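[1] Give me coordinates for this.
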Amino acid sequence: MEYVAVRCAAKDCKAMQTVKMVVTGPFAAGKTEFIGSISEIAVVRTERKISDETRAVKAQTTVAMDFGRITIDQDLVLYLFGTPGQRRFDFMWEILSEGMLGFVVMVDAVRPETFREARSILDTFRKYSETPFVVAANKQDHPDAWSPEDMKIALGLDDGIKVLPCIASQKESVKYVLLELLYSILERVQD
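    The predicted structure is shown next:
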């Protein structure tokens, strides 16, 4: 399904192309921060306090989705949907994947114990849709971060899969990841 919005001004009606992208990945990988760093609107968040042992990692978790929007130009808008990272909320993954034209798998490059979960999430989303995707190696500003090249090997990914350096709190870094995904989507559409 393709999302199209219509915008009308005075005597001019023009179709605006909208692209749905999903940002997924393990718990505490940086998905909410990624969307918040670039969204031009206040991010719609569905976070709740954590009441179990995962509190040591962060205080809140996404339970349904995060939603943000970016206007690329007058004819193109990106809708960003962030998924929950905890498996107990994975029923939302398939719902959020409907109509997506591409997805980003966020991986915390400082927490190799989450790499297996990231690979499992990647495989799950590939089953939902054969859309383009990229892997974002988050926290590249941290001295203990794995390089994107080493993460590609650890995740067992093919050479053709883009594993991109990312710092989810920096708008330019997020922009780079999203543009790489958008280029992959456009490449597929033109083929």
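[2] C-alpha only now, for contacts and for neighbours.
    OK.
[3] Where does the residue most central in space within the chain sit: helix, strand or coil?
    Centroid-nearest residue in the chain, with C-alpha atoms, centre = their mean: Val23, separated by 1.8 Å. Secondary structure for Val23, judged by DSSP: H, G, I helix; E, B strand; the rest coil, is strand.
[4] Over to the one 10 residues further on?
    In terms of secondary structure, Glu33 is helix; the call rests on three-state DSSP.
[5] Could you double-check that it lies in contact with Gln170?
    No - using C-alpha atoms under 8 Å, Glu33 makes no contact with Gln170, being 9.2 Å away.
[6] higher neighbour count, those two?
    Between Glu33 and Gln170, counted using other C-alpha atoms under 10 Å, Glu33 has the larger neighbour count: 18 against 14.
[7] just to revisit the earlier point, quick one: residues contacting the residue nearest to the centre of the chain.
    For Val23, the contacting residues are Lys31, Leu80, Phe81, Gly82, Thr83, Phe103, Val104, Val105, Met106, by C-alpha atoms under 8 Å, 6 or more residues apart in numbering.
[8] from those, which single one is nearest Cys166?
    Minimum distance to Cys166 across the contacts of Val23 is 8.9 Å, recorded for Met106 (C-alpha to C-alpha).
[9] Enumerate every residue touching the closest one.
    Taking C-alpha under 8 Å, 6+ apart, we find Met106 in contact with Val23, Thr24, Gly25, Pro26, Ala29, Gly30, Lys31, Ala118, Val135, Ala136, Ala137, Asn138.
[10] Pick the one among the residues you listed closest to Val177.
    Nearest to Val177 among the contacts of Met106: Ala136, at 6.9 Å, using C-alpha to C-alpha.
[11] which residues does that closest one bridge with?
    Beta bridges link Ala136 to Met106, Leu164, judged by DSSP bridges.
[12] Kindly state the pLDDT recorded for it?
    Predicted confidence (pLDDT) for Ala136: 98.
[13] How about Val163?
    You'll see Val163 listed with a pLDDT of 98.
[14] Please point out which parts of the lengthiest helix in the chain sit buried.
    In the chain, with assignment by DSSP state H, the single longest helix is helix 171-190. By neighbour count with 16 or more other C-alpha atoms under 10 Å, helix 171-190 contains the buried residues Lys171, Ser173, Val174, Lys175, Val177, Leu178, Leu181, Leu182, Ser184, Ile185.
[15] so the fifth one makes contact with Asn138?
    No - counting by C-alpha under 8 Å, Val177 sits too far from Asn138 to count as a contact (10.5 Å).
[16] joint contacts of these two?
    By C-alpha under 8 Å, 6+ apart, the residues touching both Val177 and Asn138 are Cys166.
[17] so where's this protein shaky on pLDDT?
    By pLDDT under 70, the weakly predicted segments of the chain are 1-15, 44-64, 85, 88-89.
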